[in-house]
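Enquirer: build me a structure from this.
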Amino acid sequence: MMSSILQGAHILATGSAVPDLRVNNRHLSQVVETSDEWIVTRTGIKERRILDDKDESIIDLASLASARALKKVSMDPLEIDLIILATSSPNDLFGSASQLQAKIGADKAVAFDLTAACSGFVLALVTATQFIQNGSYTNILVVGADVLSKWTDWSDRSTCILFGDAAGAAILQACPKEKNGILGFQLNTDGRKYKQLSIPYEKDNETSYHQTLKITQGKFKYIKMDGKEVYKFAVSQVPISIMQCLDSLKISTSDIDWLLLHQANARILDAVAHKLSINSNKLISNLSKYGNTSAASIPLALDEALDNNTITSNDKIVISGFGAGLTWATIVIQWKC
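Expert: Sure thing, here's the model as predicted:
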């Protein structure tokens, strides 16, 4: 891989943002039949952050996370060449990356959305890496943001306990090949099982116009998930993806300093680490505080770990996202200060 790239790429800075409103398990027990003990035992989640009924939006969260990343390295937004917004809950079905570009003043940047739910941030990182390593761009802002509270059925106990809202950002920058921090990746999709986790579109009754023209319309509904099947998929396929990526790089699991998985469920995190024979003390997790924030979960946890000085220079980190699609994606990075 190193010999075929024109230049290296590394993560220069990260940032994150969450809403102020905290919804703990006791609050949810007043909405559906559940309890703090039931939720914690099955998911590891104690609370989550939710956008309230003010005018806040996914763009507010994404722009705040981006601004925090830019501030850490004193970078002018006009230095950003490209913005990739990984989200499955945009402000506009045509895309929201352009709104983010305008909000932060990155007027010289191309901007587009990437939709891959919980795998979105990793796929966006891989996409950004290609643009940098082939010499197309120098500075790329990658943002994972979701507000799944807008698409949650709050009467469905199996899903409403899981999801929270958040945004996380990373600035990817070109560097000399010998300082490359993006070591490799592995991407997978199984569209045959897309119904296991989806936000389905449902048709309304047929509507007629001008007597002859008939157009069927409808709307997207709430999150639907087959929890047992998603669990089986994650614990079986994610370790395989990680090992394929590590094997291609000739890196052993014993060489890995940190394992950062999509923050879906504590039992999934533990099961994947166990299958890889990676000690649980190498797991980076903030699931208990934020729940499943979809495309935001990995950059949110990464930013927190960096702020806490958990990750240090030259640490090797395996990052893996998995979820709707079904998609799963692994990237291996080496942290460069």
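
Enquirer: now do the closest residue to residue 178 other than its chain neighbours against residue 225, distance only.
Expert: Of all residues not flanking residue 178 in the chain, residue 8 sits nearest, at 7.1 Å (Cβ to Cβ, 6 or more residues apart in numbering). Any C-beta I mention is one placed from the backbone N, CA and C, and that applies to glycine too. Using Cβ to Cβ, to the nearest Å, residue 8 is found at 39 Å from residue 225.

Enquirer: which pLDDT value does the model give the residue nearest to residue 178?
Expert: Note for residue 8: predicted pLDDT of 95.

Enquirer: try residue 242
Expert: Value for residue 242, per-residue pLDDT: 97.

Enquirer: I'd assumed residue 321 was in contact with it.
Expert: No - when contacts are counted by Cβ atoms under 8 Å, residue 242 is not listed as touching residue 321 (11.4 Å).

Enquirer: tell me the secondary structure at residue 66.
Expert: For residue 66, the reduced secondary structure class is helix; criterion used: DSSP: H, G, I helix; E, B strand; the rest coil.

Enquirer: burial measure for residue 108, as a count.
Expert: Around residue 108 there are 13 other residues, counting by other Cβ atoms under 10 Å.

Enquirer: the one 10 residues further on too?
Expert: In terms of burial, residue 118 registers 33 neighbours under the definition other Cβ under 10 Å.

Enquirer: picking up where we left off before, report the contact partners of the residue nearest to residue 178.
Expert: Shown in contact with residue 8 (Cβ atoms under 8 Å, 6 or more residues apart in numbering): 132, 133, 174, 175, 176, 177, 178, 179, 180, 181, 182.

Enquirer: from residue 334, how far out is it?
Expert: Counting by Cβ to Cβ, the gap from residue 8 to residue 334 is 11 Å.

Enquirer: list the residues that contact both of these two?
Expert: By Cβ under 8 Å, 6+ apart, the residues touching both residue 8 and residue 334 are residue 181.

Enquirer: now residue 164, nearest residue through space, not along the chain?
Expert: Residue 164 sits nearest to residue 48 (Cβ to Cβ, 6+ apart), 3.1 Å away.

Enquirer: which one's the longest helix in the chain?
Expert: Longest helix in the chain, counting residues (DSSP state H): helix 227-249.

Enquirer: now do the buried residues in it.
Expert: Neighbour counts over helix 227-249 (16 or more other Cβ atoms under 10 Å) mark 230, 233-235, 237-239, 241-243, 245-246, 249 as buried.

Enquirer: on that earlier part again, shouldn't the residue nearest to residue 164 be in contact with residue 291?
Expert: Yes - here residue 48 reaches residue 291: they are 3.5 Å apart, a contact under Cβ under 8 Å.

Enquirer: hey, what's in contact with both of the two?
Expert: Residues touching both residue 48 and residue 291 (Cβ under 8 Å, 6+ apart): 163, 164.

Enquirer: export the contacts of residue 8 as a markdown table, with columns for secondary structure, distance to residue 24 and pLDDT.
Expert: Putting the contacts of residue 8 into a markdown table (DSSP: H, G, I helix; E, B strand; the rest coil; distance: Cβ to Cβ, whole Å; pLDDT from 0 to 100) gives the following:
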| residue | secondary structure | distance to residue 24 | pLDDT |
| --- | --- | --- | --- |
| 132 | helix | 41 | 97 |
| 133 | helix | 43 | 95 |
| 174 | strand | 43 | 97 |
| 175 | strand | 42 | 95 |
| 176 | coil | 47 | 94 |
| 177 | helix | 48 | 91 |
| 178 | helix | 48 | 89 |
| 179 | helix | 43 | 91 |
| 180 | coil | 42 | 94 |
| 181 | coil | 37 | 95 |
| 182 | strand | 37 | 96 |
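
Enquirer: fine, thanks again, bye for now.
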